[in-house]
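Q: Sharing a sequence plus its predicted fold:
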Amino acid sequence: MPHAPTDARADLTAHLHRAGYYPELVADVLDVALADEEVVSHLVQAETTFDSEVRRHLTVLVLTPTRLVTAHVDDHAGADPAAPASASATTEVVPLREIRSVALTHVIAEPERYPRGGATREVTLAIGWGAVSRVDLEPATCVDPGCTADHGLTGQVTPDDVVVRVSGEAEGDAAVRSAVDFARALSRATAA
């Protein structure tokens, strides 16, 4: 169930602190973007990746009565390892009337045994409003299997403004339920 509007701002702050990734910084940048508007629902998703170094990223989605506010926070390692680290925090505000799609992909274990209302193992929430699109291209072909001509490329353009993946194995079942609840609240808000 989405967070109740009266408790949602305090609940958002609690989730930022639970994520533990610069909670005061994130709260401040969100406060500017929210501009005193009521918080209806929210989703806080921390992600850590490991390559040659550890990189942290935080995505926060906040639904208000009129807008979707997104925040992305990333670590930045400087050229000098002895220098203090820095972070960048970016917010974007999208009027609800501009949101074109709310896509939610559910990953279900043992779908043949799935009971109505059963648990989802993982979800990916993709929200599109036309600011960013992903282009997937592949070589075009023709029906002649012996053809060696270059037929150019074919592909599709997919809205990709913000994508959040939540895994029950990594974040727990409550995090998956929260993501589904947020998607439901956003879907309801954009239906008008």
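A: Here it is on my side, so go on. Numbering: from 1, shown residues only.

Q: most centrally placed residue in this structure?
A: Central residue of the chain (CA atoms, centre = their mean): Val164, 2.9 Å from the mean position.

Q: May I have the residues that are in contact with that residue?
A: Taking CB atoms under 8 Å, 6 or more residues apart in numbering as the contact definition, Val164 lies against Leu43, Gln45, Thr59, Leu61, Thr124, Leu125, Ala179. In short, each C-beta sits where N, CA and C put it, glycine included.

Q: Can you check what pLDDT the model gives the second one?
A: pLDDT, Gln45: 94.

Q: Which strand or helix spans it?
A: Assigned by DSSP states H and E, Gln45 belongs to strand 41-50.

Q: same question, the third one
A: Assigned by DSSP H and E, Thr59 belongs to strand 54-63.

Q: who touches that strand?
A: By CB under 8 Å, 6+ apart, the list of residues contacting strand 54-63 from outside reads 2, 12, 16, 19, 21-22, 26, 30, 33-34, 39-49, 68-75, 127, 162, 164, 182, 185-186, 189.

Q: Give the other helices and strands that the strand holding Gln45 contacts.
A: Contact partners of strand 41-50 among helices and strands, from 3 or more CB pairs under 8 Å, 6 or more residues apart in numbering; DSSP states H and E: helix 5-19, strand 54-63, strand 162-167, helix 173-190.

Q: and the angle from it to helix 173-190?
A: Between strand 41-50 and helix 173-190, the angle comes out at 130 degrees (axes from the mean of the first three to the mean of the last three CA atoms, to 10 degrees).

Q: okay, the angle between the strand holding Thr59 and strand 162-167?
A: For strand 54-63 against strand 162-167, the angle between stretch directions is 110 degrees (the same axes, to 10 degrees).

Q: in strand 54-63, what's buried?
A: By neighbour count on 16 or more other CB atoms under 10 Å, the buried set for strand 54-63 is Arg56, Leu58, Thr59, Val60, Leu61, Val62, Leu63.

Q: Dump the residues you listed into JSON lines; add pLDDT and distance to Ser86 as well.
A: Formatted as JSON lines, the buried residues of strand 54-63 follow (pLDDT from 0 to 100; distance: CB to CB, whole Å):
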{"residue": "Arg56", "pLDDT": "84", "distance to Ser86": "13"}
{"residue": "Leu58", "pLDDT": "94", "distance to Ser86": "15"}
{"residue": "Thr59", "pLDDT": "96", "distance to Ser86": "19"}
{"residue": "Val60", "pLDDT": "97", "distance to Ser86": "19"}
{"residue": "Leu61", "pLDDT": "98", "distance to Ser86": "24"}
{"residue": "Val62", "pLDDT": "98", "distance to Ser86": "24"}
{"residue": "Leu63", "pLDDT": "98", "distance to Ser86": "29"}
